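Visitor: Build me a model:
(one chain, ligands or ions: 1)
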Amino acid sequence: MALNSFVVNAGIIGALLVFGSYYVRHYVVMWRRNPQGLPNPPGPRQLPIIGNLLDMPRKHYPLTHTKWMRKYGPMTYLVAAGQPFLVINSYDVAKDLLDKRGSNYINRPRMVMAGELSGIGKATGMTQSGTLWKKQRRYLNKALSGEPIVRRDYSELMIKRATILVKSILDHPENFLWEVKKMAGHVVIEVGYGAIGDDEDGSHNYIDMQIELGIITAKTVQGYWVDYFPWLKHIPTWFPGAQFKRDGLRWGKQFDATRDYMFETVRKRMLSEDQGVSLPSSFVRNTLRDLYSKPPPDAQQLKEDEEAIKCSSFSFYRAGSDTVESVLRSFLLAMSLYPEIQARAYAEIERVIGSCRLPTVNDKGADKMPYIEALVLEAVRWNPPTGSGVPHVPIHDDVYQGYFIPKETIVYNNVWWVNNSTEFQHADVLLRPQDRQLSRDPVYYPNPSDFIPERFLLADDTGSGVTFNKSTLDPCQYVFGFGRRICPGIDMSVQEIWVAIVFILWAFEVKRKGGGKWDTDEDRFTFTFISHTKPFDCDLIPRLDKAKELIEEAYGSLSSPERRK
Ligand code: HEM
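Guide: Residues are numbered from 1 along each chain as shown. As a prediction, the model looks like this:
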């Protein structure tokens, strides 16, 4: 008994000493770097020794960030275990800091568990700024820059994948959510690697591997003590309590093995292409071909470029699937909850495309189908996939609106907030008009929790239709992030979401099935790192026999590996 209480007391004292040393070090460093004594932005009161450790959310970040917004205004500042955090709750502040001062707010947080132990840090989105990251961005930007390039290079593939999606739902309507997940995964896998699995022995199914890695990623970013106390990563794996390290190293090996396998498979086949083996176009094949046709002057640079291609192709795989799936799930849930909106969208599809041909990307455009264009934006806004953004980190100290923001602060930007106009007026801090908020701002989006594509439309002068309303804030301006780290996949995502939505509505009527409570945002969405709808059920009822025939015909003309489901 006495020994037990000694161990407990020693543990508590040890923890207090560790926290205390971080706390003291943080304030000494701040005092030295901020000689004018400028205040930090407002935030919850910091307790001695542990700072704001108890205030830090472990889940539902966007909801907690929104609460802080009501209390502290456009910026909330916290310190936990010596690590400063800033939550931006305003579009204009995000533009000022992350866009206009983008060369400063360019880094990512040091995530010891996810980045260093588990190897996820090799993904473009986690790589710190520097030569490797710049090279990765250059390759990604070249492959994805601009709507015309996306339309030219990826439309055919997206139409093929949407055809397979509709065919799969026709065959197994009960699996519609799984089929949507697969489509989102298959598009990026095929763009990246030209195949959705290893065709030689069929033993590597890339989508299963992707789902496994997704589960691991979700575990690693949950917040481990080692993220607060990086020295913990040096404790030996056999040490009691070092399970996190054993897990991290195991997961890291799995990440590396998957990344290497997928890259090397394409590279080896590409090198034998000249001997008559033909290989489908893909990001890895095309960028490696360009690289090998004009190799850099020295072997070291060549190695760096190969590494950059390997990591950036893996980013398609990791960053471009869950996010698109999230928007498509939001769209399906909305269609089941708002049948009158679905009817309006289908009327436009029927008028422009009809039932005698498949949709094509040539049907896309605010001049051709403005309602569908608005529907896509509303699906993106309704539940932004990364509600609290992906954190940025400044490399230098900064002063903004009289507040001191230390370098290495972890900066979240909350693109979500739940509110309604009454609550807005009663907010503890009155927001100035220029501190515009994001997806749930009643000033920008009246009745923000409702799914209303019309908010992006105006009745046109002739009264015969609608035109696009350019004065409504386009959610793509914030949902895809800010500054130098902005998502390189915006055009690709918007086009892919458009193709999937049009194919689904053209082929099916989405009907609500089952009960459940779907009234509020909290009833509908998970607010996890990638926020999805909660599981829901609906019937997808085929609209027309002719549509079914056209899909069967298009599907029949695909080769067998493409049809592999
Ligand atoms: C609806 C779909 C998508 C959403 C909502 C989304 C959102 C985001 C956001 C918020 C960021 C962080 C930006 C920042 O730091 O400010 C990001 C980064 C990134 N996204 Fe996307 N994304 C989507 C689809 C895609 C696709 C299809 C790709 C694949 C090509 C992709 C590749 C990336 C990469 C590589 C980064 C890291 C960029 C960097 O750190 O330099 N994303 N995305």
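
Visitor: and S129, that's in a strand?
Guide: No: using DSSP: H, G, I helix; E, B strand; the rest coil, the secondary structure at S129 is coil, not a strand.

Visitor: contacting residues for it?
Guide: I106, N107, I395, R484 (Cβ atoms under 8 Å, 6 or more residues apart in numbering). C-betas here are computed from N, CA, C, even on glycine.

Visitor: which among the residues you listed gets closest to the ligand?
Guide: The shortest gap between the ligand and any of the contacts of S129 belongs to R484, at 7.1 Å (Cβ to the nearest ligand atom).

Visitor: which residue packs closest to the closest one, ignoring adjacent ones?
Guide: G102 (4.5 Å; Cβ to Cβ, 6 or more residues apart in numbering).

Visitor: Tell me the pLDDT of that neighbour.
Guide: At G102, the pLDDT value in this model is 97.

Visitor: what does I349 give?
Guide: Reported pLDDT for I349: 96.

Visitor: ok, now K407?
Guide: 95.

Visitor: For the remainder of this discussion, apply numbering that starts at 43.
Guide: Okay, residue one is now 43; in that scheme the one you just asked about reads as K449.

Visitor: Could you list the contact residues of the stretch 443-592 of the chain toward the ligand?
Guide: By Cβ under 6 Å from any ligand atom, the residues of the stretch 443-592 of the chain that approach the ligand are V521, F522, G523, F524, R527, I528, C529, P530, G531, M534, S535.

Visitor: how about a cut-off of 5 Å?
Guide: Residues of the stretch 443-592 of the chain lying close to the ligand (Cβ under 5 Å from any ligand atom) are F522, G523, F524, R527, C529, G531, M534, S535.

Visitor: Make a markdown table from those residues and add secondary structure, neighbour count and pLDDT to it.
Guide: Output for those, formatted as a markdown table (DSSP: H, G, I helix; E, B strand; the rest coil; neighbours: other Cβ atoms under 10 Å; pLDDT from 0 to 100):
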| residue | secondary structure | neighbour count | pLDDT |
| --- | --- | --- | --- |
| F522 | coil | 22 | 95 |
| G523 | coil | 20 | 95 |
| F524 | coil | 26 | 95 |
| R527 | helix | 22 | 96 |
| C529 | coil | 21 | 96 |
| G531 | coil | 22 | 95 |
| M534 | helix | 25 | 95 |
| S535 | helix | 25 | 96 |
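
Visitor: Kindly indicate which of those lies nearest A416.
Guide: Nearest to A416 among those: S535, at 16.6 Å, using Cβ to Cβ.

Visitor: so who does the closest one touch?
Guide: Counting by Cβ under 8 Å, 6+ apart, the residues that S535 touches are G362, T365, V366, V369, F522, C529.

Visitor: Just flag the most distant two among the contacts of S171.
Guide: Across the contacts of S171 (Cβ to Cβ), the longest gap, 11.5 Å, separates I437 and R526.

Visitor: ranges for the strands of the stretch 343-492 of the chain?
Guide: 440-442, 445-447, 452-455 (DSSP state E, counting those that start in this stretch).

Visitor: where does this structure dip in pLDDT?
Guide: 43-46, 48-50, 53, 240-245, 315-319, 459-480, 503-507, 601-607 (pLDDT under 70).

Visitor: helix, strand or coil for the closest residue in space to L374 that isn't next to it in sequence?
Guide: Leaving aside its sequence neighbours, L374 sits nearest to V552 (Cβ to Cβ, 6+ apart; 6.0 Å). Following three-state DSSP, we place V552 in the strand state.
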